[in-house]
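J.: coordinates for the following, if possible.
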Amino acid sequence: MNEHSDRPHEQFHYSEEDVQREVTDLESKSATAARIFDLRRIIGGLFVVYGIIVTITGITDSQSAIDKAQGVNINLWTGIGMLLLGIFFLAWLKLRPAAPRPLPPEGSPEE
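T.: Okay, the predicted model is just below:
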């Protein structure tokens with residue numbers, strides 16, 4: 001037997017304000033997640049970190065390591081390039097942040 005059979009059937013009634021508040025809350029959480037997981041942030045951050053590591057390696061390279069690369073300090077130049085690319089991605093993120101999707105007009109059917 002159903003142990004809750006003696007309770008009257010409860011129905012939940014949500015006001016339009018409650019629904020709108022919940023939708024607004026979910027949209028703000030979605031926008032926050034989109035900003036946090038923006039690929040420009042991940043790619044830029046990784047390039048900056050690896051660029052710093054490779055640049056330090058290039059600065060501390062011995063002459064024999066430079067001679068192996070035909071006289072070019074390849075670690076230094078690659079590290080600087082990685083740093084510049086990482087800074088570009090992070091600047092792009094700062095200057096053009098991810099815009100939230102526009103809301104559909106009232107009364108239009110959802111896709």
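J.: who's in contact with Ile52?
T.: For Ile52, the contacting residues are 79, 83, taking Cβ atoms under 8 Å, 6 or more residues apart in numbering as the criterion. Every residue, glycine included, has its C-beta placed from N, CA and C.
J.: sec struct for Ile53, please.
T.: The three-state label given to Ile53 by DSSP: H, G, I helix; E, B strand; the rest coil is helix.
J.: any idea which element the closest residue to it other than its chain neighbours lies in?
T.: Once flanking residues are discounted, Ile53 sits nearest to Gly79: 7.4 Å by Cβ to Cβ, 6 or more residues apart in numbering. Counting by DSSP states H and E, the element that carries Gly79 is helix 74-95.
J.: elements contacting that helix?
T.: Identification of packing neighbours for helix 74-95 by 3 or more Cβ pairs under 8 Å, 6 or more residues apart in numbering; DSSP states H and E yields helix 39-59.
J.: show me what counts as buried in the helix it packs on.
T.: Residues of helix 39-59 classed as buried by neighbour count (16 or more other Cβ atoms under 10 Å): 40-41, 43-44, 47-48, 51, 54-55, 58.
J.: one more: stretch 91-99?
T.: By neighbour count, and taking 16+ other Cβ under 10 Å as the criterion, the buried residues in stretch 91-99 are Leu93.
J.: the residue nearest to Ile53 reaches Gly51, doesn't it?
T.: Yes: using Cβ atoms under 8 Å, Gly79 makes contact with Gly51 at a distance of 5.1 Å.
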